[in-house]
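1. quick check, what structure comes out for this input:
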Amino acid sequence: MYRKILVAFDGSEPSKHAMDIAVSTADKWKSELVILSVVPRVMMPVFPDEGFGAAPITAAQDMSEYQDKMKEIYAGSLSEAEEDINEAFPDLVVTTKLMEGRPSAVIVEEAEEDQIDLIVIGSRGVGGITGWILGSTSRRVVESCTKPILVVK
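-> Numbering: from 1, shown residues only. A predicted model of the protein is given here:
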């Protein structure tokens, strides 16, 4: 029924629950599992009273270092998850992807481009302010994607 399942993974508890469901579903249907981690881009605030785009160069360097550190953290969580799955489910075909951007947009784009049959996503992740029922990323994915989506609490 599902040839390819994508699970959105950011290391949060809801994404770990989503991963568990995605792994068991992929194992049951002998599906390929794509684990996608999307590192949100760090945005530098611009303060209007200091002129358009005015920000100290050191602030830009700090933001770049912070972005790199976030990528390292996400990559580490992704690698650890892949190792755990390969150990527990050696016959499961697992692909990992680490990308940068707006998580909801990247998830939807990857699902379309990679011909995903099912998206599994946690109800809330490590993002900022969340929506009323779903986290903002999961809500945006549900609203903008045409693929079947399983939202896990």
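
2. can you name every helix or strand that the strand or helix carrying residue 21 contacts?
-> In this structure, residue 21 sits in helix 13-29 according to DSSP states H and E. Packing partners of helix 13-29 (3 or more C-beta pairs under 8 Å, 6 or more residues apart in numbering; DSSP states H and E): strand 4-8, strand 32-39, helix 57-88, strand 118-122, strand 149-152. Where C-beta positions appear, they are placed from N, C-alpha and C, glycine not excepted.

3. show me what counts as buried in that helix.
-> Within helix 13-29, the residues scored as buried using 16 or more other C-beta atoms under 10 Å are 14-15, 18-19, 21-23, 25-26.

4. how about stretch 116-127?
-> Applying 16+ other C-beta under 10 Å to stretch 116-127 flags 116-126 as buried.

5. so the worst-scoring helix or strand of the chain on mean pLDDT versus strand 4-8, what angle?
-> Least confident helix or strand, the chain: helix 57-88 with a mean of 88, by mean pLDDT, DSSP states H and E. Following axes from the mean of the first three to the mean of the last three C-alpha atoms, to 10 degrees, one obtains 130 degrees for the angle between helix 57-88 and strand 4-8.

6. helix or strand right after helix 57-88?
-> Scanning onward from helix 57-88 (DSSP H and E), the first element met is strand 94-100.

7. direction included, what does that following strand pair against?
-> strand 32-39 (parallel) (DSSP bridges).

8. contacts for the strand it pairs with?
-> With C-beta atoms under 8 Å, 6 or more residues apart in numbering as the contact definition, strand 32-39 has outside contacts at 3-11, 19, 22-23, 26, 67, 70-71, 74-75, 77-78, 81-82, 85, 92-103, 106-107, 110, 114, 116.

9. sec struct for residue 42, please.
-> coil (DSSP: H, G, I helix; E, B strand; the rest coil).

10. you'd agree it is up against residue 66?
-> Yes. Judged on C-beta atoms under 8 Å, residue 42 makes contact with residue 66 at a distance of 5.5 Å.
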